[in-house]
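Undergrad: Curious how this folds, go ahead:
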Amino acid sequence: MNIHPLTITVSAPRDTVFNFLADIENLPKWTAGWCERLMLQRGRWWALTAEGEQVVDMETSAGTGVIDFRAGPSPERFRLIPIRVVALSPRRTLVSFILIEGPDEPDDVFARRRERLQRAADALLKRFGGGELHSVPPLAELGLN
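TA: Model prediction:
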């Protein structure tokens, strides 16, 4: 199983960043082409994505800065991407994503998801006026696998 952490710091207040990311309707604005548009159908959010139509869902906690983003072809097949939003100072915020390989997900599909997450992080850096990417290489590259 592959797990890919990606962390950025952005030049914006924590609440501004959290509120932007926690609003599911903002997905097309920051996912860098993964989510083209959202539709609310039968009480669920559906996204037209690079991987086809997917159900999307978020569980958020403003107090802790936790956003658990889930997407998949059905709620039973959701993939979780935990997102954490932490204040470093009044105008500097850390955003951490953890991309987790799904069961039976081919390596090339996971690699494409990694690339899309990287583009989303780049879009957030641009949106919030700069910052820094803090990417950690996969454990296999470090010889820790």
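Undergrad: Only C-alpha atoms from now on, for both contacts and neighbour counts.
TA: Fine.
Undergrad: low pLDDT regions in the chain?
TA: 135-145 (pLDDT under 70).
Undergrad: which is the next helix or strand following the longest helix anywhere in it?
TA: In the chain, taking DSSP state H as the definition, the longest helix is helix 107-127. Going down the chain from helix 107-127, the next helix or strand is strand 131-135, by DSSP states H and E.
Undergrad: List the buried residues for that following strand?
TA: 131, 133 (16 or more other C-alpha atoms under 10 Å).
Undergrad: Contacts made by that strand with the rest, please.
TA: Strand 131-135 is contacted from outside by 5, 6, 7, 8, 9, 10, 11, 121, 122, 125, using C-alpha atoms under 8 Å, 6 or more residues apart in numbering.
Undergrad: Just the ones in helices from those residues, please.
TA: If you go by DSSP H, these have 121, 122, 125 in helices.
Undergrad: between those, which is nearest residue 25?
TA: The nearest member of the ones in helices among the contacts of strand 131-135 to residue 25, counting by C-alpha to C-alpha, is residue 121 at 17.4 Å.
Undergrad: For this protein, which segments count as strands?
TA: Using DSSP state E, the strands of the chain run over 3-10, 35-41, 44-49, 52-61, 66-72, 79-89, 92-100, 131-135.
Undergrad: Let's have these in TSV, adding distance to residue 29.
TA: Putting the strands of the chain into TSV (distance: least, C-alpha to C-alpha, whole Å) gives the following:
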stretch	distance to residue 29
strand 3-10	16
strand 35-41	8
strand 44-49	13
strand 52-61	15
strand 66-72	15
strand 79-89	17
strand 92-100	16
strand 131-135	18
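Undergrad: so who does residue 32 touch?
TA: Counted by C-alpha under 8 Å, 6+ apart, residue 32 has contacts 116, 119, 120, 123.
Undergrad: Any chance of the backbone angles for the closest residue to residue 54 other than its chain neighbours?
TA: Distance criterion C-alpha to C-alpha, 6 or more residues apart in numbering; nearest residue to residue 54, sequence neighbours excluded, is residue 73 at 4.6 Å. Main-chain torsions, residue 73, degrees, to the nearest 10: phi -70, psi -20.
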